[in-house]
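Q: Mind looking at a prediction? Sequence and model below.
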Amino acid sequence: MATEKATFAAGCFWGVEEAFLNVQGVLATTAGYTGGHFQKPTYENVCTGKTGHAEAVLVEYDTALVSYEKLLEIFWKIHDPTQVNRQGPDKGSQYRSAIFFHSPKQQTAAVKSKENLQGSGRYQGPIVTEIVPAAEFWPAEEYHQEYLRKKGGASCHY
């Protein structure tokens, strides 16, 4: 079995994680923090907006069952990529839209998918999603893992 990792930030990590948990071929998800400059961040640290981290989800997937391109499709559908540093009622740089690529192949696919979406006319404004190299990923506290599943919620996206 060939596995790869993908990392996405699209607002509150609870809803992002829930969206990927339901995809055939996704083996594991981890809610956490990435893209910042602070070592071992906590939820409280990240919420200050001073660590530079985004709430993100690390997805481990079986490449024979689901493609990276399919994961990108899901990513684009679950949030508004034209919002700068916010999703729904959540505001701050920790809620930014970002794709953290793990390989040049992922980078190419992410850029192409962003260009295709921008050219599709689905959104009036520019897509502001960052496409940046994967950085150190810090798992969030245990109570954040599969939060919506534990609490019986379906989504925190609007």
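A: Nice, I can see it.
Q: Please make it C-alpha for all contacts and neighbour counts, starting now.
A: Will do.
Q: wait, residue 113 sits on residue 70?
A: No: counting by C-alpha atoms under 8 Å, residue 113 does not reach residue 70; the two are 10.3 Å apart.
Q: Settle it for me: which of those two has more neighbours?
A: residue 113 (16 against 10; other C-alpha atoms under 10 Å).
Q: For that one, give me its contacts.
A: 69, 72 (C-alpha atoms under 8 Å, 6 or more residues apart in numbering).
Q: which stretches of this protein aren't confidently modelled?
A: 153-158 (pLDDT under 70).
Q: quick one, longest helix in this protein?
A: In the chain, taking DSSP state H as the definition, the longest helix is helix 104-119.
Q: Tell me the buried residues in that helix?
A: For helix 104-119, the neighbour count (16 or more other C-alpha atoms under 10 Å) marks 106-107, 109-110, 113-114, 117-118 as buried.
Q: can you list those in JSON lines and add distance to residue 144?
A: Shown next, in JSON lines, are the buried residues of helix 104-119 (distance: C-alpha to C-alpha, whole Å):
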{"residue": "106", "distance to residue 144": "27"}
{"residue": "107", "distance to residue 144": "28"}
{"residue": "109", "distance to residue 144": "29"}
{"residue": "110", "distance to residue 144": "27"}
{"residue": "113", "distance to residue 144": "29"}
{"residue": "114", "distance to residue 144": "29"}
{"residue": "117", "distance to residue 144": "30"}
{"residue": "118", "distance to residue 144": "32"}
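Q: for these, which one is nearest residue 92?
A: Lowest distance from residue 92 to the buried residues of helix 104-119 (C-alpha to C-alpha) belongs to residue 114, with 22.1 Å.
Q: so how far is residue 127 from residue 121?
A: 11 Å (C-alpha to C-alpha, to the nearest Å).
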